[in-house]
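> fold the following and give me the result.
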Amino acid sequence: MRGAVAIAVVTAMAVAGCGITVDERLSHLREAARRGADARQWLRSRDVPIDVAHCEQVYESSGAGDDLPADNPDGSISEAWREHVKGNFVQACLYIGS
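Residues are numbered from 1 along each chain as shown. As a prediction, this is how the structure comes out:
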């Protein structure tokens, strides 16, 4: 999981522009990862296969991306930031480790 966090940090810095700070981005990415891990446990408790499709379905149906902080100076949310947070959620949901 440390590798995933390191990748998230590097990617967040690359995506970072005006709007929110890098610390705010990292905080939100950590929260997305926590929610993704919770989704994994939820899927597992219902004997649902843990795969990309199911993790994305939980992301969409749970509203996990509804509270994204705006990353653009005009208060909008870029598609790159939206996809990055979703990807972080899905990767945490898929994570196989102890």
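
> the biggest helix by length in the chain: which residues count as buried?
Scanning the chain for the helix with the most residues, using DSSP state H, yields helix 22-45. The neighbour-count check on helix 22-45 (16 or more other Cβ atoms under 10 Å) flags 25-26, 28-29, 32-33, 35-36, 38-40, 43 as buried. All C-beta spots, glycine's among them, are computed from the backbone N, C-alpha and C.

> which one of those is nearest residue 69?
When the buried residues of helix 22-45 are compared for distance to residue 69 (Cβ to Cβ), residue 28 wins out at 6.1 Å.

> residues touching the closest one, list them.
By Cβ atoms under 8 Å, 6 or more residues apart in numbering, the residues touching residue 28 are 20, 68-69, 85.

> switch the cut-off to 7 Å
The neighbourhood of residue 28, defined by Cβ atoms under 7 Å, 6 or more residues apart in numbering, consists of 69, 85.

> how close does it sit to residue 49?
Applying Cβ to Cβ, to the nearest Å, the value for residue 28 to residue 49 is 28 Å.

> residue 34 now?
Noted for residue 34: a distance of 22 Å to residue 49, by Cβ to Cβ.

> coming back round to it: residue 60: which of the buried residues of helix 22-45 is nearest?
When the buried residues of helix 22-45 are compared for distance to residue 60, the smallest value, 11.0 Å, is given by residue 39; criterion: Cβ to Cβ.

> mean confidence score for the longest helix of the chain?
For helix 22-45, the per-residue pLDDT values average out at 96.

> restrict that helix to CA atoms and write it as CSV.
The C-alpha atoms that make up helix 22-45 are tabulated as CSV, following Å, rounded to 0.1, in the frame of the first residue of the first chain:
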residue,chain,number,x,y,z
VAL,A,22,-1.1,19.7,-2.3
ASP,A,23,-1.9,18.9,1.3
GLU,A,24,-5.6,19.1,0.7
ARG,A,25,-5.3,16.9,-2.4
LEU,A,26,-3.3,14.3,-0.4
SER,A,27,-5.9,14.4,2.4
HIS,A,28,-8.7,13.8,0.0
LEU,A,29,-6.8,11.0,-1.8
ARG,A,30,-6.2,9.3,1.6
GLU,A,31,-9.9,9.6,2.3
ALA,A,32,-10.7,8.1,-1.1
ALA,A,33,-8.4,5.2,-0.3
ARG,A,34,-10.0,4.7,3.1
ARG,A,35,-13.4,4.6,1.4
GLY,A,36,-12.1,2.2,-1.2
ALA,A,37,-10.8,-0.1,1.5
ASP,A,38,-14.2,0.0,3.2
ALA,A,39,-15.8,-0.8,-0.1
ARG,A,40,-13.6,-3.9,-0.4
GLN,A,41,-14.8,-5.1,3.0
TRP,A,42,-18.4,-4.3,2.1
LEU,A,43,-18.1,-6.3,-1.2
ARG,A,44,-16.3,-9.2,0.6
SER,A,45,-19.0,-9.3,3.3
